[in-house]
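Trainee: okay, sequence plus prediction incoming.
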Amino acid sequence: MKVKLSGAVTKAMQAGKPVVALESTIIAHGMPFPQNLEMARKVEQVITDHGAVPATIAVINGELCAGLEDADLQHFAKSGPGIMKVSTRDLPYVVARKLSGATTVASTMRIAAMAGIAVFATGGMGGVHRGAERSFDISADLIEFAQSDVAVVTAGAKAILDLALTLEVLETQGVPVVGFGTDEFPAFYSRASGQKLTLRADTAGDVAAMMKAKWAMGLKGGIVVANPIPAEAEIPAAQIEPHVIAALKDAEAQGIKGKDVTPFLLKRITEITAGKSLQANIALVLNNAKVAAEIAVAHKAMK
């Protein structure tokens, strides 16, 4: 099945220009309106300003799409939770029924790989949820990292997750986790998590060379490029942790489960922090977009 490319993405691919994939779940489920629409537009502009072409990915009327028009961005932003959240397991369903859906990190990776897009910028990746020894709640994002040849720039895993177990699962699957200018796995809102990394890259060229070497050896799967939130925007772990615990308790009390957990927790933490966490989220997404564009440019130059 082919991915429907926008006119801008088609021209970029034909001309051999660098392209950066973006997810749509962060628009529909990750932030409230109108901040989500403002963020989506700014992220695309950041990528353009740094020499690459943005390709926001979504499913529209059963078609896998890479590159959305502004009207599409507005639709996803305004519809919010009314838009189905689509992971890889849901793709056959929405395609067969010609439905629309906002793609998660996992499904965005899969569609990006199908379209030949090697770099993807997101906010925070999914991972192993706290209490997974009882719930077995492990994000499909981690499974997809072993499947799709895409480098994903992320501010680490979301602070609501068990970061140590998340890294263990990635290691088991042979997925490289490289700190971008850091020796420590970032924790979304916070630059530090206490989880040390063995791999580090200090430039976009370093990451691009790693991508080229990995896939040239036939080592299938993606790369986690762990890019810390800018220092001026971070919420230190000691400050955010009590809010995360409070939000987790609220989710348990309300019986929130499955793919509804992460959107609920992000919304609840935004409420608890009086919007500070939302501002941090926007800052880290913009920063990841910048780094992703630089990596895409370097990788395209190498090819």
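Mentor: Yep, it's here.
Trainee: the longest strand along the chain pairs with which strands, parallel or anti?
Mentor: If you go by DSSP state E, the chain has its longest strand at strand 53-60. With DSSP bridges as the test, strand 53-60 is paired with strand 19-22 (parallel), strand 63-66 (antiparallel), strand 101-103 (antiparallel).
Trainee: what is the subsequent helix or strand relative to the last one?
Mentor: The reference is to strand 101-103. Beyond strand 101-103 on the C-terminal side, the first helix or strand identified by DSSP states H and E is helix 105-115.
Trainee: likewise for the first one?
Mentor: Using DSSP H and E, the next helix or strand after strand 19-22 towards the C-terminus is helix 25-28.
Trainee: what of the second one?
Mentor: On the C-terminal side of strand 63-66, the closest following helix or strand by DSSP H and E is helix 70-79.
Trainee: buried set for that next one?
Mentor: Using 16 or more other CB atoms under 10 Å as the test for burial, helix 70-79 gives Asp72, Leu73, Gln74, His75, Phe76, Ala77. Every residue, glycine included, has its C-beta placed from N, CA and C.
Trainee: hang on, the earlier thing: buried deepest among the strands paired with strand 53-60, which one?
Mentor: Among the strands paired with strand 53-60, ranked by average contacts under mean count of other CB atoms under 10 Å, first place goes to strand 19-22 (a mean of 29).
Trainee: can you tell me the average pLDDT over that one?
Mentor: The average pLDDT within strand 19-22 is 98.
Trainee: and the longest helix anywhere in the chain with strand 53-60, angle?
Mentor: Of all segments of type helix in the chain, defined using DSSP state H, the longest is helix 276-302. Here helix 276-302 points in a direction 120 degrees away from that of strand 53-60 (axes from the mean of the first three to the mean of the last three CA atoms, to 10 degrees).
Trainee: roughly how far is helix 276-302 from the heart of the chain?
Mentor: Here helix 276-302 is found 10 Å from its chain centre; the criterion is CA atoms, centre = their mean, to the nearest Å.
Trainee: and for stretch 231-243?
Mentor: 20 Å.
Trainee: for it, buried residues please.
Mentor: Buried residues in stretch 231-243, counted by 16+ other CB under 10 Å: Ala233, Glu234, Ile235, Ala237, Ile240, His243.
Trainee: which residue is the nearest non-sequential neighbour of the fourth one?
Mentor: It stands for Ala237. Computed as CB to CB, 6 or more residues apart in numbering, the closest residue to Ala237 that is not its neighbour in sequence is Ser190, at 4.2 Å.
Trainee: try the last one
Mentor: Taking CB to CB, 6+ apart as the measure, His243 lies nearest to Ile272, with 4.7 Å between them; neighbours along the chain are not counted.
Trainee: distance of the one you found from Leu265?
Mentor: Using CB to CB, to the nearest Å, Ile272 is found at 10 Å from Leu265.
Trainee: before we move on, which element is Glu171 in?
Mentor: With secondary structure defined by DSSP H and E, Glu171 is part of helix 163-172.
Trainee: before we move on, the earlier item: correct me, but the residue nearest to His243 touches Ala247?
Mentor: Yes. At 6.6 Å, Ile272 counts as touching Ala247 under the criterion of CB atoms under 8 Å.
Trainee: and these two? Which one has more around it.
Mentor: For Ile272 versus Ala247, neighbours defined as other CB atoms under 10 Å are more numerous around Ala247 (25 against 17).
Trainee: hmm, that one is touching Thr270, no?
Mentor: No. Ala247 is beyond contact range of Thr270, at 9.5 Å (criterion: CB under 8 Å).
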